[in-house]
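build the 3D model from these lines:
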Amino acid sequence: MKEIKKIKHYFRYCDDIVILHHFKQLLHNLLHRMTDYLKIELKLILKTNYQIFPILKRRLDFLGFKFDHEKIYIRKNIALNFKQKVKSIIKNPNRHNLRNGIMSYYGWVKTSKSYNLWNKYFTKEIELSFA
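As a prediction, the model looks like this:
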């Protein structure tokens, strides 16, 4: 996409792709070309949950985050899962549960600058069980 189609803002992780461009018609043309290429050359089918929308009007949902022009937010269901994980660890604290359950959320918190969420739910009780 970047080399052949000269798309400047193209991001891909596994099977998720984001293409940013200010011409909607260009995005529709790319979608048709990608669909044809995947179908004919690779014998693959593009997922039907693709979206083409103006990025200025809503946040971009990608890789567990919601991006807008000024901030990065954690997806709501990830924040809820984090809160539930903390509650389950408080009920049944053990090192394995904490390392594998809580620390993975720290990456999301650090990247999105959601320190208030972390500080509110990562309590001293959990921190002591980690030591």
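
from G64, how far off is N77?
9 Å (Cβ to Cβ, to the nearest Å). Bear in mind the C-beta positions are built from the backbone N, C-alpha and C, glycine included.

which one of the two has more residues nearby?
Comparing N77 with G64 by other Cβ atoms under 10 Å, the one with more neighbours is G64, at 14 against 9.

for that one, give me its contacts.
Residues near G64 by Cβ atoms under 8 Å, 6 or more residues apart in numbering: I74, R75, I78, W108.

from I74, how far out is it?
Relative to I74, and taking Cβ to Cβ, G64 is found at 7 Å.

so where is this structure shaky, pLDDT-wise?
Applying pLDDT under 70 to the chain picks out residues 93-100, 123-131.

again, 90 this time
Low-confidence segments of the chain, defined by pLDDT under 90, are located at 1-24, 34, 38, 46-76, 78-79, 81-131.

show me it divided up by domain.
9-58, 72-130 (automatic domain parsing).

any chance of those in JSON lines, with distance to M1 too?
Shown next, in JSON lines, are these (distance: least, Cβ to Cβ, whole Å):
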{"stretch": "domain 9-58", "distance to M1": "5"}
{"stretch": "domain 72-130", "distance to M1": "23"}
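
any idea which of the ones you listed is most buried?
Per-stretch averages of neighbours, counted by mean count of other Cβ atoms under 10 Å, single out domain 72-130 among these, with a mean of 14.
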